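**Q** structure for the following, please:
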Amino acid sequence: MHRITRTNEFAFDISTTRFDEEYSPSSTSRGTTNFANLARGENRQQNLRNTLSMIDHRFNDLAHWDNPSRDRYAVEIEIVSVDLRFAANGEDAVIPLIEILDVRILDTLSNVRIDGIVGNNFSSYIRDYDFSVLLPEHNANASRSSIPSDFGELHGKLFKHFLDSDVYQERFSQPPVICISVSSTKTYRRLENQHPILGAEYRQDELSLTDRYFEKMGLQVRYFMPRGAVAPLAFYFRGDLLNDYSSLALIGLVSTMEAFQKIYRPEIYNANSAAGQIYRPSLENRDYSVTQIAYDREERSQLALTQGKFMEEHFVKPHQSVLEQWAATHCL
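**A** Residues are numbered from 1 along each chain as shown. Purely as a prediction, here's the structure:
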């Protein structure tokens, strides 16, 4: 780790934590991180055990070739925490930036570990600030609902700076892929395109606010519904999603994030009927099955605001001039 000497120099530190049934969020972990939510309360260990079991079962269901007993593979997950370092008042300032997941696949037949995809889930303190603090305050002072002209630009520049950094490129061989829920405000239409792992492709008529936010991070989006799923997932990526990653890596991404979405958004991803040719996701759907995993969505919403305020107080406002100076020299 080198010392930051210039006010316009930003650097990153990476730390990792194993996500298994013994996982416990650290005091510095982002509280709204979805997997941290699962690891609290009296049922925390059973929550984690059930989640990991869901991931493994889905992986083996999709990786069915040369796998007659559907138990050949095990998914191993690490939480990747990224801190941002920069000079402030002559000293190094450190602020938590994002958390993503790094997936590896254990082939129990050959006892070989295979690299999966980094990214998967995406948690960001600055995104909490943008969506839970900045956007509501902007609309409270506007005559009609709108989006700030520079909404997501700082976040996007920092994310791209991280991907282009030595610390990322030395640690990870490929760009990340983020996989999240489709938007409940948009309509999706199934295309003829079928991928052997990702399944049926869908398309929407216009980008959602989340899509545009990820676009500023340098990521494009495609929507696919894998075999056996009931709703499409949104995949955000650089490069060529369908050809840059191996089949097992894509299965690791799908099995991990589909399991989380069944827990977080059961109305959409654990619905009792599958999406049709034209699909409008709805959190008002009542025809769905619940998992045996406790997840507190209300707590997550409250923490998003709390952590957005934390970012405003400790990063955005006190270092505004430094951020503006750095952002002015970096293009989206």
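**Q** and the nearest residue to Glu267 once chain neighbours are set aside, how far is that from Asp107?
**A** Nearest non-adjacent residue to Glu267, counting by C-beta to C-beta, 6 or more residues apart in numbering: Asn285, 4.3 Å away. The C-beta positions use only the backbone N, C-alpha and C, and glycine is treated the same way. Asn285 sits 37 Å away from Asp107, taking C-beta to C-beta, to the nearest Å as the criterion.
**Q** before we move on, the earlier item: can you get me a residue count around the residue nearest to Glu267?
**A** A count of nearby residues for Asn285, using other C-beta atoms under 10 Å, gives 17.
**Q** so it is in contact with Asn270, correct?
**A** No - taking C-beta atoms under 8 Å as the contact criterion, Asn285 and Asn270 are not neighbours in contact, 9.9 Å apart.
**Q** state whether Ala87 is indeed within a strand.
**A** Yes - counting by DSSP: H, G, I helix; E, B strand; the rest coil, Ala87 falls inside a strand.
**Q** follow-up on the earlier one: OK, contacts around the residue nearest to Glu267?
**A** Contact partners of Asn285, counting by C-beta atoms under 8 Å, 6 or more residues apart in numbering, are Glu267, Ile268, Ala271.
**Q** looking at it now. What's its pLDDT?
**A** pLDDT, the model's per-residue confidence, is 94 for Asn285.
**Q** for it, grab phi and psi.
**A** With angles defined as degrees, to the nearest 10, Asn285 shows backbone torsions of phi -60, psi 130.
**Q** likewise Thr17?
**A** phi -140, psi 130.
**Q** run through the bridge partners of it.
**A** According to DSSP bridges, the partner residues bridging Thr17 are Ile79.
**Q** so how far is Lys309 from it?
**A** Distance check for Thr17 against Lys309: by C-beta to C-beta, it reads 25 Å.
**Q** okay, these two: which has more neighbours?
**A** Neighbour totals were compared for Thr17 and Lys309, and Thr17 leads with 17 against 14 (other C-beta under 10 Å).
**Q** I'd say that one and Ile79 touch.
**A** Yes - between Thr17 and Ile79 there is a contact under C-beta under 8 Å: 4.5 Å.
**Q** Arg72: neighbour count?
**A** In terms of burial, Arg72 registers 19 neighbours under the definition other C-beta under 10 Å.
**Q** what sits closest to it if chain neighbours are left out?
**A** Nearest in space to Arg72, with sequence neighbours left out and distances taken as C-beta to C-beta, 6+ apart, is Leu109 at 5.4 Å.
**Q** A helix includes the one you found, no?
**A** No - Leu109: not assigned to a helix; according to three-state DSSP it is coil.
**Q** quick one, phi/psi of it?
**A** Per-residue torsions, Leu109: phi -70, psi -40 (degrees, to the nearest 10).
**Q** pretty sure it contacts Asp71?
**A** No - here Leu109 does not reach Asp71: they are 9.8 Å apart, not a contact under C-beta under 8 Å.
**Q** returning to that earlier point: tabulate the contacts of Asn285 (a markdown table), appending pLDDT and distance to Phe159.
**A** As requested, the contacts of Asn285 are arranged in a markdown table below (pLDDT from 0 to 100; distance: C-beta to C-beta, whole Å):
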| residue | pLDDT | distance to Phe159 |
| --- | --- | --- |
| Glu267 | 95 | 29 |
| Ile268 | 97 | 26 |
| Ala271 | 97 | 32 |
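**Q** leaving out sequence neighbours, find the closest residue to Ala275.
**A** In space, not counting the residues next to it along the chain, Ala275 is nearest to Ala231; the distance is 5.0 Å by C-beta to C-beta, 6+ apart.
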